[in-house]
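**Q** sequence? don't have it. structure:
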C-alpha cells in the first residue's frame, strides 16, 4: 500500500507542479483523488452496491451470495448484509 500511495503522491505532485515540502493531503483534495486505501474501500463498496441492485454482469451475481446471520438473539450485526464469494 505504501508504494502505491507513494506513486499516487508523486503523480499528484507532477500534475500540480508542487514541491515535496507541500502537504500532499491538500493536493489530493484539490485533484478530487482519494488516498489509495480509501479508494479501494470505495470501489469494493460500489461493487457490493451494484451487486445488490443488479447492475453488474450475471457472472458476478452468481459468484456472490448474500448471507443473513440468524441466531437466538437479535444483534446489531444482524442488519448487516454479508457476502460469501464462491
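**A** Arrived safely. What you are looking at is a predicted structure, and each value in this text was computed from that prediction instead of being measured.
**Q** and the end-to-end length of stretch 46-59?
**A** Start-to-end span of stretch 46-59 (Cα to Cα, to the nearest Å) is 17 Å.
**Q** Can you give the domain ranges for this protein?
**A** Following automatic domain parsing, one finds the domains of the chain at 1-33, 46-86.
**Q** Of all those, which one comes closest to residue 40?
**A** domain 1-33 (8.5 Å; Cβ to Cβ). C-beta: built from backbone N, CA, C; applies to glycine.
**Q** Quick check: buried residues in the closest one?
**A** 8, 9, 12, 24, 27, 28, 33 (16 or more other Cβ atoms under 10 Å).
**Q** how far is it from where the chain is centred?
**A** 19 Å (Cα atoms, centre = their mean, to the nearest Å).
**Q** From the rest of the structure, what touches stretch 20-37?
**A** Stretch 20-37 is contacted from outside by 1, 4, 5, 8, 9, 12, 13, 15, 16, 18, 39, 42, using Cβ atoms under 8 Å, 6 or more residues apart in numbering.
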